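Q: Got a predicted structure here, sequence first:
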Amino acid sequence: MTSKNKINEDLANERRKCNFNIEEVTYILDGGKEKTLQRKKIEDVALNGGASVDDIPEEYLSARERYENAIRKSCIYTNIVKNEVLEITGIENYGSPVLRRTGDAFFKDISPFMLHLGMFVPSIIGQCTAEQQATWLPRALDMKIIGAYAQTELGHGTFIRGLETTATYDPETEEFVLHSPTITSYKWWAGGLGRTANHCTVVAQLYTQGKCHGTHLFIVQIRDLETHMPLPGVKVGEIGPRMGFNTADNGFLGFNNYRIPRMNMMMKNAQVLKDGTYVKAARHGKLTYGTMVFVRVTLVGEASFNLAKAVTIAVRYSAVRRQSELRPGSIEPQILDYPTQQHKLFICIATAHAFQLTASWLWNTFTAVQAEMKKGNVDTLPELHALSSCLKALSTSDATAYIEQCRFACGGHGYMLSSNLPFLYAFVVATRTYEGDYTVLLLQTARFLVKAWEQAESGKVVTPTVAYLNRHFTTNGKMIWDNSPEGIIRVFQSVAAGKISLCVRSIRNRITSGMDHEDAWLMTTVQLVNAAEAHCRSVILHTYWNEIVRLTKHSSDNVKTVLNQLVMLYLTYWALERTGDLLRYSTISENDIDLLQRQYEELLVKIRPNAVGLVDAFDIRDEILQSTLGSYDGRVYERLMEEVQKNPLNKEPVDPSFHKYLKPLMKSKI
Ligand SMILES: CC/C=C\C/C=C\C/C=C\C/C=C\CCC(=O)SCCNC(=O)CCNC(=O)[C@H](O)C(C)(C)COP(=O)(O)OP(=O)(O)OC[C@H]1O[C@@H](n2cnc3c(N)ncnc32)[C@H](O)[C@@H]1OP(=O)(O)O
Ligand SMILES: Cc1cc2nc3c(=O)[nH]c(=O)nc-3n(C[C@H](O)[C@H](O)[C@H](O)COP(=O)(O)OP(=O)(O)OC[C@H]3O[C@@H](n4cnc5c(N)ncnc54)[C@H](O)[C@@H]3O)c2cc1C
């Protein structure tokens, strides 16, 4: 073995200690052996050309060079996908998470094509009629047209009903006239819009026959397909440097009485006829928000995957890194041996599992609701909206906090861009805001919870994810504390029920004392966010536990044991995090809390020998991890030194600025 492919001895030892079958866990996380094999096949085809490697790491490039480089790599990757990967996987895999994640090997930051596949194509699939799809979809999938999703404006992101861009129907020419009447009506933020896209989905207020019918979606060509020049009446550009997403050319867009054909309105859920008659969406008023629901569902899996990357980096690094002395003169321990380090990292492994299994479950729920809606039944949509809203909010928020924790766990080296942890953080922290801000989405879930509470109060049976509310009305007093997984979950459900109940009481009291409903709701929103968070925690705990029980039924004993230890760690961690709530809503005692703490510390000890095996089971290739600290071989220090050689500042022994500025300064007199 050369030093280049030699595995770090500490990491090799960790792998020898691992007592479970790593592949078995990978299969569970991927959703089955076949899925793992297909993912590996895709990765082999897409990555074996080594196309990801930049001669100069992208962080050293100027804004222009970075963008051009991102486009170059996006085209390379798209050609590989079109010509090689889809040959083996089929076109239906075009937008699949596996392909998006494989693409991470090409970009430390973001592909300018991400929103094309992430939202433009889904908006065509979800919002267009079959006839419209036949016109647009093949061209979009073949990249003959490249799209963005332009909804947010300079003045409004959250409040979609407040968007100002107008689309006014002109029956004379059978066209819509798009217009940006104010500075705040300019579209702002859309990924890929600034420099790359030649089309976009535009969300605008629809006017026909002198009446406004609210926001609707339109497909709009914004650039010439030959010259790429913005079309007359279109003003488009890039919004400037951001915390992350710097290769995603997020853009602005304004229209000056810009005309598009009538059939460019996405007409699956509402239509404007040739004479201007508006035909209302028959089934549900919010179906035009469907693309957002789809993306929120996929973001739970994204949160899991990015957290899995971060914790793979941090655990491998913590096995390689030795620091301090436990006793005078003793060998320096691996930092992974410190219980405080285990406390930082094992919860991240467990959370990545919890979110991955919840994401699959949510995806199944989403497809079931879609199937019902195809049959004309929209009854399950409110529950899906409430679930996808809170799960998106919590998974992105927790993943953000834990990725930062992984960075802290890597000390100074975690601050290096080459560790990839700062990029991961910058990417994931944005997911807490985009596709619906954290607070705003939890308040959407709270609306659903208050309604469900009122139904349960009146004796009606409520939908499955809030079924615990029915129990709330049949049991008296605090929930009996019980340290079994099912017991902990029941207590978390009681916490949620108790908090929702307090919200309802607050709202009612405020109304009784003279407030109108809107103000009473507004004054209760701090509690409502808290209640929605508690509900969502209980959903995640419940789903994670149920899925582990179901998926490990036929697993080997050691896999069962280690996955059980992780889920128990997760349940215990959250019980300890929420002791205040447990004291308020259950019979838990001081003694029970002491026991929980001991149980938690014992779980850290039990998981420790399998920690590296557990992150290996995420099976994330080095090309995708893109980290000096987290590679499979653990050559941390060598890679940090190799990276230094790529630094353009080190190309010449003396920097020109020395002669230009430093030397004159040194020579000048005070
Ligand atoms: C291949 C790719 C793979 C992976 C993906 C990887 C990366 C991700 C890809 C792309 C993402 C990248 C960038 C992000 C792009 C964006 O950010 S696009 C812009 C997103 N914008 C938002 O999310 C805005 C958030 N705001 C809203 O959703 C709404 O305005 C609101 C819900 C907050 C409020 O809407 P209103 O119309 O005012 O409604 P309301 O009065 O509050 O509620 C009325 C009733 O309607 C119900 N409702 C609201 N929304 C929905 C919905 N979506 N579905 C079903 N029902 C809904 C609401 O609950 C109310 O019901 P009641 O019964 O209580 O009356
Ligand atoms: C990296 C990135 C990429 C993006 N990509 C796209 C894209 O491709 N296409 C697109 O259309 N958009 C995109 N966006 C925009 C994004 O969807 C919005 O920024 C997001 O929905 C939040 O809206 P806002 O910016 O208007 O925030 P605001 O609504 O102004 O929020 C500001 C604060 O006010 C609070 N707040 C707002 N309303 C309420 C309320 N009703 N109750 C309580 N608190 C409230 C929020 O909680 C938040 O703390 C992107 C954003 C980012 C950061």
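A: Right, received. Where do you want to start? Everything quoted here is computed from the prediction, not taken from an experiment. Ligands and ions are numbered 1, 2, ... in the order given.

Q: Does at least one residue of stretch 298-309 sit close to ligand 1?
A: Yes - Stretch 298-309 reaches ligand 1 (C-beta under 6 Å from any ligand atom) through Thr298, Glu302. All C-beta spots, glycine's among them, are computed from the backbone N, C-alpha and C.

Q: Need the residues that contact that stretch.
A: For stretch 298-309, contacts defined as C-beta atoms under 8 Å, 6 or more residues apart in numbering pick out 97, 101, 118, 348, 351-353, 355-356, 358-360, 362-363, 391-392, 395-396, 398-399, 402-403, 406, 420, 424, 427-428, 431, 435, 615, 618, 620, 624-625, 630.

Q: mind redoing it with 7 Å?
A: Contacting residues not belonging to stretch 298-309 are listed as 97, 101, 348, 351-352, 355-356, 358-359, 362, 391-392, 395-396, 399, 402-403, 424, 427-428, 431, 435, 618, 620, 625 [C-beta atoms under 7 Å, 6 or more residues apart in numbering].

Q: Need the buried ones from the residues you listed selected in ChimeraX.
A: Only the buried entries of these go into this ChimeraX selection, using 16 or more other C-beta atoms under 10 Å:
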select :97,101,348,351,352,355,356,358,359,362,391,392,395,396,399,402,403,424,427,428,431,435,618,620,625
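
Q: I'd like to know which of the contacts of stretch 298-309 are part of helices.
A: Mapping the contacts of stretch 298-309 onto helices (DSSP state H) picks out 97, 101, 348, 351-352, 355-356, 358-359, 362, 391-392, 395-396, 399, 402-403, 424, 427-428, 431, 625.

Q: from those residues, which are also near ligand 1?
A: Among those, the ones lying near ligand 1 by C-beta under 6 Å from any ligand atom are Pro97.

Q: So which bits of stretch 109-122 are buried?
A: Residues of stretch 109-122 classed as buried by neighbour count (16+ other C-beta under 10 Å): 109-122.

Q: Quick one, grab the pLDDT at Glu14.
A: Glu14 carries a pLDDT value of 98.

Q: Let's verify the closest residue to it other than its chain neighbours: helix, strand, or coil?
A: Leaving aside its chain neighbours, Glu14 sits nearest to Val612 (3.7 Å; criterion: C-beta to C-beta, 6 or more residues apart in numbering). With DSSP: H, G, I helix; E, B strand; the rest coil as the basis, Val612 sits in helix.

Q: Surely Val612 and Arg15 touch.
A: Yes - shown here, Val612 and Arg15 form a contact pair, counting by C-beta atoms under 7 Å, at 6.1 Å.

Q: So between these two, which is more surrounded?
A: More crowded of Val612 and Arg15, by other C-beta atoms under 10 Å: Val612, with 27 against 15.

Q: In which helix or strand does Ala452 reside?
A: Assignment of secondary structure by DSSP states H and E places Ala452 within helix 438-457.

Q: counting contacts, what elements does that helix pack onto?
A: Counting contacts by 3 or more C-beta pairs under 7 Å, 6 or more residues apart in numbering; DSSP states H and E, helix 438-457 packs against helix 381-409, helix 468-472, helix 485-512, helix 525-551.

Q: Please see if the first one touches ligand 2.
A: No - between helix 381-409 and ligand 2, judged by C-beta under 6 Å from any ligand atom, nothing touches; the nearest distance is 10.3 Å.

Q: Going by neighbour count, list what's buried in that helix.
A: 381-407, 409.

Q: worst-scoring helix or strand of this structure, pLDDT-wise?
A: Using mean pLDDT, DSSP states H and E, the weakest-scoring helix or strand in the chain turns out to be helix 86-89, at a mean of 82.

Q: What residues sit buried inside that one?
A: Neighbour-count burial for helix 86-89, with 16+ other C-beta under 10 Å as criterion, is recorded at Leu86, Thr89.

Q: That helix packs against which elements?
A: Helix 86-89 sits against helix 33-47, with contacts defined as 3+ C-beta pairs under 7 Å, 6+ apart.

Q: so after the helix it packs on, what's the next helix or strand?
A: The helix or strand immediately downstream of helix 33-47 is helix 63-80, counting by DSSP H and E.

Q: Against Trp545, how distant is the closest residue to Lys499 other than its chain neighbours?
A: Spatially, and ignoring its direct neighbours in sequence, Lys499 is nearest to Ala531 (3.8 Å; C-beta to C-beta, 6+ apart). Ala531 sits 22 Å away from Trp545 when distances are taken as C-beta to C-beta, to the nearest Å.

Q: How about Asn558?
A: Look at Asn558 and Trp545: by C-beta to C-beta, they are 19 Å apart.

Q: ok, those two, which is more surrounded?
A: It is Trp545, of Asn558 and Trp545, that has more neighbours when counted by other C-beta under 10 Å, with 21 against 14.

Q: need the contact list for the more buried one.
A: With C-beta under 7 Å, 6+ apart, Trp545 has these contacts: Pro485, Ile489, Val567.

Q: Kindly report the same for Ser395.
A: For Ser395, the contacting residues are Val300, Ala303, Phe355, by C-beta under 7 Å, 6+ apart.

Q: One more: Asp224?
A: Leu231.

Q: Would you tell me which residues of the chain are close to ligand 2?
A: The chain comes close to ligand 2 at residues 115, 149-152, 156-158, 189-191, 245, 250, 430, 433-437, 439-440, 443, as judged by C-beta under 6 Å from any ligand atom.

Q: Tabulate the buried residues of stretch 109-122 (a markdown table), appending pLDDT, secondary structure and distance to ligand 1.
A: Formatted as a markdown table, the buried residues of stretch 109-122 follow (pLDDT from 0 to 100; DSSP: H, G, I helix; E, B strand; the rest coil; distance: C-beta to the nearest ligand atom, whole Å):
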| residue | pLDDT | secondary structure | distance to ligand 1 |
| --- | --- | --- | --- |
| Asp109 | 89 | coil | 13 |
| Ile110 | 91 | coil | 9 |
| Ser111 | 94 | coil | 10 |
| Pro112 | 96 | coil | 12 |
| Phe113 | 96 | coil | 10 |
| Met114 | 95 | helix | 6 |
| Leu115 | 96 | helix | 6 |
| His116 | 96 | helix | 9 |
| Leu117 | 92 | helix | 4 |
| Gly118 | 93 | helix | 3 |
| Met119 | 96 | helix | 5 |
| Phe120 | 97 | helix | 10 |
| Val121 | 95 | helix | 8 |
| Pro122 | 94 | helix | 8 |
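
Q: How far does stretch 239-253 stretch from one end to the other?
A: End-to-end distance for stretch 239-253: 10 Å, by C-alpha to C-alpha, to the nearest Å.

Q: Please determine whether it lies in contact with ligand 1.
A: No - with C-beta under 6 Å from any ligand atom as the criterion, ligand 1 is not reached by stretch 239-253; the gap is at least 8.3 Å.

Q: weakest of the helices and strands packed on helix 438-457 by average pLDDT?
A: Here the lowest mean pLDDT among these goes to helix 468-472, at a mean of 92.

Q: before we move on, the earlier item: export the contacts of Trp545 to CSV and tack on distance to ligand 1?
A: Output for the contacts of Trp545, formatted as CSV (distance: C-beta to the nearest ligand atom, whole Å):
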residue, distance to ligand 1
Pro485, 31
Ile489, 26
Val567, 26
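
Q: And the residues you listed, which is closest to ligand 2?
A: Closest approach to ligand 2 among these (C-beta to the nearest ligand atom): Ile489, at 29.0 Å.

Q: residues contacting that closest one?
A: So Ile489 contacts Ser538, Leu541, His542, Trp545 (C-beta under 7 Å, 6+ apart).

Q: Can you flag the buried ones in these?
A: By neighbour count, with 16+ other C-beta under 10 Å, the contacts of Ile489 hold Ser538, Leu541, His542, Trp545 as buried.

Q: Leu178 belongs to a helix, doesn't it?
A: No - secondary structure of Leu178 (three-state DSSP): strand, not part of a helix.

Q: In JSON lines: the helices and strands packed on helix 438-457, plus distance to Ile22.
A: Shown next, in JSON lines, are those (distance: least, C-beta to C-beta, whole Å):
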{"stretch": "helix 381-409", "distance to Ile22": "20"}
{"stretch": "helix 468-472", "distance to Ile22": "36"}
{"stretch": "helix 485-512", "distance to Ile22": "24"}
{"stretch": "helix 525-551", "distance to Ile22": "16"}
